[in-house]
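Asker: Predicted model, plus sequence, below.
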Amino acid sequence: MFKEKYSILVCNSWEQLEISVPVCSSLQVPALQLHMSKTAMRASQKDFESALSQVKRLKDPGNEVKLKLYALYKQATEGPCNTPKPGVFDLINKAKWDAWNALGSLPKETARQNYVDLVSGLSSSSDSSSQVKPEADRKQPGYETLVVTSEDSITKIMMNRPAKKNAITIQMYNEIMLALKAASKDDSAITVLTGNGDYYSSGNDLSNFTDIPPEGIEEKAKSSAILLRDFVDCFIDFPKPLIAVVNGPAVGISVTILGLFDTVYASSRATFHTPFSHLGQSPEGCSSYTFPKIMGPAKAAEMLIFGKKLTAAEACAQGLVTEVFPDSTFQKEVWTRLKAYSKLPPNAMRISKQVIRNREKEKLRAINAEESRALQERWLSDECTNAVMNFLTRKAKL
Ligand SMILES: CCCCCC/C=C/C(=O)SCCNC(=O)CCNC(=O)[C@H](O)C(C)(C)COP(=O)(O)OP(=O)(O)OC[C@H]1O[C@@H](n2cnc3c(N)ncnc32)[C@H](O)[C@@H]1OP(=O)(O)O
């Protein structure tokens with residue numbers, strides 16, 4: 001709906017039409033070139049009045065359309081612009097004056113009809129946009145391991161292998177990279193990573209290590225290290241606010257990359273576990289740098305070397321998690337919060353993120369490359385091979 005002030009103004013006091021974002025003094029209102037058919041010329045005073053009351057029920061159409069409506073209203077009721085041009089610093093009144101003045105000598109009847117046509121066009125598009133499509137219809141095509149949706153200026157990337165606790169396969173690494181690249185260019189303001197089902201993610205799918213190419217195990221370790229480096233780089237370079245909605249337990253790489261997110265919301269059911277030593281492996285996701293920075297070296301060592309599992313409350317106390325919500329209201333509370341944030345000016349949010357993060361980017365890339373090299377060697381070790389075999393033959397779990 002239009003703001004209260006606006007709906008009142010629609011009736012009569014249009015002089016004070018409020019425009020809630022700054023309007024640049026050079027704002028150009030495009031010439032109104034609405035289609036004029038013979039029927040269109042027949043808009044009656046009654047049609048005009050009905051359009052005036054209809055406009056109050058519409059969603060806010062944005063400043064540019066509001067200015068068009070304002071200009072047409074003035075032209076239809078008073079004729080060509082007849083007031084002195086406001087001063088250059090009176091931005092809002094100048095934008096309104098410019099819009100009205102741009103209509104030149106457009107006849108009152110034509111302005112009235114154009115107003116009616118414009119409102120009718122806005123009503124039909126607002127009707128269709130108010131119908132909420134089920135998530136399946138909004139799902140972006142091309143992903144098999146993810147559900148990617150864009151709505152309310154939020155792109156949501158949901159890991160979707162609930163039966164495997166959202167373990168990350170090679171295909172899922174590649175799809176997450178694709179989804180992040182697409183989200184960095186789409187018109188969403190913020191991007192969210194979450195999981196479907198009871199887990200956020202159980203981390204790397206341990207069967208990724210079983211698919212050995214004919215070139216041998218060294219080649220497998222090399223290509224895995226490249227994939228890991230590219231995957232983590234996508235998070236380092238992501239230009240918009242990135243939020244993790246940690247709906248349940250998180251393991252391994254799904255935990256370490258949280259240090260590269262801007263905000264981490266966790267359900268009270270979530271846990272945070274990085275059992276690298278148990279698996280004969282070493283930390284990745286830049287956690288060897290971000291975790292000591294976030295929680296101090298002593299707490300980071302307990303997680304990254306000794307595999308201490310943190311509850312959501314502990315992770316929040318250590319600064320890894322922004323806020324914990326009761327599991328029963330987690331989705332509702334988090335999405336209400338995110339919808340409000342997604343309405344903030346997107347460019348300002350993007351620039352703020354870059355100001356906060358950019359100076360660390362080169363360093364993070366170098367750390368990522370170093371961690372990936374260390375892991376490439378670890379994957380060839382007996383310690384790692386035995387741990388993975390034990391899991392896959394079900395001799396061991398976390
Ligand atoms: C390209 C390479 C990049 C590598 C980057 C380096 C990344 C490192 C890491 O992420 S290290 C962390 C690796 N993850 C784990 O070690 C977790 C292993 N999983 C478990 O210990 C358990 O499954 C559990 C504690 C997560 C959950 O236990 P439970 O609730 O009892 O469920 P199930 O074990 O029955 O699991 C259900 C189903 O999912 C399969 N599964 C779960 N996690 C993984 C996994 N990480 N990899 C492969 N498969 C996994 C599990 O086998 C069951 O499958 P099934 O029903 O038996 O077919």
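Answerer: Sure thing, it's come through.
Asker: Mind giving me the packing neighbours of the strand or helix carrying Lys220?
Answerer: Secondary-structure assignment from DSSP states H and E places Lys220 in helix 217-237. For helix 217-237, the elements it packs on are helix 170-185, helix 361-378, judged by 3 or more Cβ pairs under 8 Å, 6 or more residues apart in numbering; DSSP states H and E. C-beta: built from backbone N, CA, C; applies to glycine.
Asker: and these as JSON lines, adding distance to the ligand and mean neighbour count?
Answerer: Putting those into JSON lines (distance: least, Cβ to the nearest ligand atom, whole Å; neighbours: other Cβ atoms under 10 Å) gives the following:
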{"stretch": "helix 170-185", "distance to the ligand": "6", "mean neighbour count": "18"}
{"stretch": "helix 361-378", "distance to the ligand": "6", "mean neighbour count": "16"}
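Asker: need the residues of the stretch 51-200 of the chain near the ligand, please.
Answerer: 164-165, 167, 173 (Cβ under 6 Å from any ligand atom).
Asker: One more pass at 5 Å, please.
Answerer: Applying Cβ under 5 Å from any ligand atom, we find that the stretch 51-200 of the chain lies next to the ligand at 164-165, 167.
Asker: need those residues in JSON lines with distance to Thr263, neighbour count and secondary structure, can you?
Answerer: Shown next, in JSON lines, are those (distance: Cβ to Cβ, whole Å; neighbours: other Cβ atoms under 10 Å; DSSP: H, G, I helix; E, B strand; the rest coil):
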{"residue": "Lys164", "distance to Thr263": "27", "neighbour count": "17", "secondary structure": "helix"}
{"residue": "Lys165", "distance to Thr263": "23", "neighbour count": "20", "secondary structure": "coil"}
{"residue": "Ala167", "distance to Thr263": "24", "neighbour count": "22", "secondary structure": "coil"}
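Asker: out of these, who's nearest Thr271?
Answerer: In terms of Cβ to Cβ, no member of these lies closer to Thr271 than Lys165, at 12.2 Å.
Asker: Leu279 versus that closest one, what's the distance?
Answerer: Taking Cβ to Cβ, to the nearest Å as the criterion, Lys165 is separated from Leu279 by 15 Å.
Asker: that older thread, establish whether the helix holding Lys220 and the ligand are in contact.
Answerer: Yes: judged by Cβ under 5 Å from any ligand atom, helix 217-237 comes into contact with the ligand at 224, 227-228.
Asker: Could you check how far Leu344 is from Tyr265?
Answerer: From Leu344 over to Tyr265 (counting by Cβ to Cβ), the distance is 17 Å.
Asker: next one: Glu284
Answerer: 23 Å.
Asker: Find the nearest non-adjacent residue to the closest residue to the ligand within the chain, please.
Answerer: Closest approach between the chain and the ligand, counting by Cβ to the nearest ligand atom: Gly252, at 2.2 Å. Spatially, and ignoring its direct neighbours in sequence, Gly252 is nearest to Gly203 (2.5 Å; Cβ to Cβ, 6 or more residues apart in numbering).
Asker: again with Pro86
Answerer: Asn93 is the one closest to Pro86 (Cβ to Cβ, 6+ apart), at 4.0 Å.
Asker: Against which helices or strands is the host helix or strand of that neighbour packed?
Answerer: Using DSSP H and E, Asn93 falls within helix 91-101. Contacts defined by 3+ Cβ pairs under 8 Å, 6+ apart place helix 91-101 against helix 63-78.
Asker: Just the buried positions in the helix it packs on, please.
Answerer: 63-64, 66-76 (16 or more other Cβ atoms under 10 Å).
Asker: Check which helices and strands it is in contact with.
Answerer: The helices and strands touching helix 63-78, judged by 3+ Cβ pairs under 8 Å, 6+ apart, are helix 4-11, helix 91-101, helix 108-129.
Asker: follow-up on the earlier one: quick one: contacts for the residue nearest to Gly252?
Answerer: Contacts for Gly203 (Cβ atoms under 8 Å, 6 or more residues apart in numbering) come out as 167-168, 250-255.
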